[in-house]
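Novice: Prediction below, plus the sequence it came from.
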Amino acid sequence: MDRTVDWAGELDGAIVIVDQCALPGSYRTSRIDTVDELIDAIQRLAVRGAPALGAAGALGVVLAARDADSASARRQAERIASARPTAVNLRWGVERALAALPHGAEAVLAEGRALLAEDERVNRAASANAAELVLRRCGRQPLRLLTHCNTGALATVAWGTALGVVWHLHAEGLVEEVLADETRPLLQGARLTAWELARAGVPYRVLPDSAAASAMAAGLVDCVLVGADRIAANGDVANKIGTYPLAISAARHGIPFVVVAPSSTVDETLASGSGIEIEQRAADEVTHSGGVRVTPEGARAYNPAFDVTPAELVTAVVTEHGVRSPEKTVRAQL
Ligand SMILES: CSC[C@H]1O[C@H](OP(=O)(O)O)[C@H](O)[C@@H]1O
C-alpha cells in the first residue's frame, strides 16, 4: 500500500499542495502562485501540520522574492510567518529562506528546496528513534497505539512524525491496531489520519476524542503517540487541542505518552509553555459541522486550536537527535 504522500512540492517557483480540506472525499491538488493565496491556504488548513507549515513558509518566501525588492519581500514574508501563531515551524521556515534573500531569488529557491529535501530524512529519523523507545517502553507486541490529530505525511513534506512511528512499526508487523482520535472540531484524525492509515493498510478504528480515556481504562492502549507545534525549553508541549487531557489520562493509567517532532519544532527561546501563543479559531468551526448548524442561532463558542501539555506529563520528546533532555523528563523514569 502506498504510505507517504507529498503534501506539496514546488513547480517553477510556484507551490503545489494537496488540498487537505477536500480529503478524504477527494484528492485534489492546487497551485499557489501568490502570497495571499498561500496565507489563505494556511489559514483554511488546506495546508497544515507544523513541519508542512515550515516548508510552506520557506516556499512562500520564494513567491515573495519573485519580482519584488528586498523590503517588499520581507514585508510579505512577515505576513506569511504571522498567518498562524502557534507552530514555531512556520516562522522557522520563513526565516530560513529569508536568510538567503541577500543572495537573490534563486538562492531563496535553493534554500526552500533544501528544506523540502531535509524534511523526510529528519522525520524518518525522529520517528525511528521514537519507535525504538516505544518498543523498549511497551512490554506488549504487537502494539495498540492511540493517535491525535494528523501527524502523517500530510502534516509534513513526506513520511510523518508520530504517525511515522506507525509506519516503522507496521513495516515490522508490530502494530495490532491504531485508535485514531477524530480530533474535533476540524476532524484531522477522522478525515486525514484515517485516510493515511487506510492507504497504508494499517488496522485502525476512529474514536470520539471523549472516548480516549475510556479506551485507556479498558486496556486497549499500549502507547499514546502525538506530534507537536511548539516545544518549550523546559519540555512543555503545545499541540492540537485535546492533547493535554490525553496526557492526563495516560499518566493516570501508566501508559507512555510520547511526543515525536523534528528539532525545528523546539523553541529554545521560550522557557516554558506559558509563553506559547495559542491560536483562537472561528466559532463556526464548533457551531457548525460539515456546513450544517448544530447549535442554536447565536450560540457562541470557545475554540482554541491548541493546548499545552506540561513536561511532567510527557514520557519523552523524541526528535531526529534522540530523546530530548531525558534527565528533565520526569515520566521517563516511570
Ligand atoms: C506533525 S504535525 C504537528 C501538529 O500540527 C497539527 O495542527 P494543525 O492541524 O492545526 O496544523 C497538530 O497539532 C499536529 O500534532
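Specialist: Received the coordinates, thanks. Residues are numbered from 1 along each chain as shown.
Novice: Please make it C-alpha for all contacts and neighbour counts, starting now.
Specialist: Fine.
Novice: okay, D67: pLDDT?
Specialist: D67 carries a pLDDT value of 74.
Novice: helix, strand or coil for it?
Specialist: The three-state label given to D67 by DSSP: H, G, I helix; E, B strand; the rest coil is coil.
Novice: what about it, distance to T295?
Specialist: As judged by CA to CA, to the nearest Å, D67 and T295 stand 47 Å apart.
Novice: Between those two, which is the more surrounded one?
Specialist: Taking other CA atoms under 10 Å, D67 and T295 do not tie; T295 has more neighbours (14 against 10).
Novice: Show the pLDDT at that one.
Specialist: On the pLDDT scale, T295 gets 98.
Novice: Could you do G275 as well?
Specialist: G275 carries a pLDDT value of 96.
Novice: again with L334
Specialist: So L334 comes in at 41 (pLDDT).
Novice: same question, V5
Specialist: Reported pLDDT for V5: 44.
Novice: same deal with A14?
Specialist: Residue-level pLDDT assigned to A14 equals 82.
Novice: Identify the spatial nearest neighbour of the most centrally placed residue in the chain, chain neighbours not counted.
Specialist: Nearest residue to the geometric centre of the chain (CA atoms, centre = their mean): G49, 3.6 Å. The shortest distance from G49 to any non-neighbouring residue, by CA to CA, 6 or more residues apart in numbering, is to A155 (4.0 Å).
Novice: Same check on G152?
Specialist: Using CA to CA, 6+ apart, the nearest residue to G152 is G160, at 3.9 Å.
Novice: how about the one you found, what does it touch?
Specialist: By CA atoms under 8 Å, 6 or more residues apart in numbering, the residues touching G160 are E120, N123, R124, S127, T151, G152, A153, L154.
Novice: ditto for I241
Specialist: Neighbour list for I241: T183, P304, A305, F306, D307 [criterion: CA under 8 Å, 6+ apart].
Novice: If we use 7 Å, what do you get?
Specialist: Counting by CA atoms under 7 Å, 6 or more residues apart in numbering, I241 touches P304, A305, F306, D307.
Novice: just the residues you listed now: which is nearest L313?
Specialist: Nearest to L313 out of these is D307 (CA to CA; 13.3 Å).
Novice: The stretch 101-250 of the chain: helices as residue ranges?
Specialist: 105-137, 162-171, 188, 194-200, 212-217, 243-252 (DSSP state H, counting those that start in this stretch).
Novice: Adding distance to G25, mean neighbour count and mean pLDDT as columns, could you present the ones you listed in CSV?
Specialist: Formatted as CSV, these follow (distance: least, CA to CA, whole Å; neighbours: other CA atoms under 10 Å; pLDDT from 0 to 100):
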stretch, distance to G25, mean neighbour count, mean pLDDT
helix 105-137, 26, 20, 94
helix 162-171, 21, 24, 98
helix 188, 13, 28, 98
helix 194-200, 10, 19, 97
helix 212-217, 25, 17, 98
helix 243-252, 26, 20, 98
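Novice: In TSV: these, plus distance to the ligand.
Specialist: Below are the helices of the stretch 101-250 of the chain laid out as TSV (distance: least, CA to the nearest ligand atom, whole Å):
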stretch	distance to the ligand
helix 105-137	9
helix 162-171	7
helix 188	6
helix 194-200	13
helix 212-217	16
helix 243-252	8
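Novice: and the ones you listed as a markdown table, adding distance to L225?
Specialist: As requested, these are exported to a markdown table (distance: least, CA to CA, whole Å):
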| stretch | distance to L225 |
| --- | --- |
| helix 105-137 | 9 |
| helix 162-171 | 6 |
| helix 188 | 15 |
| helix 194-200 | 14 |
| helix 212-217 | 12 |
| helix 243-252 | 10 |
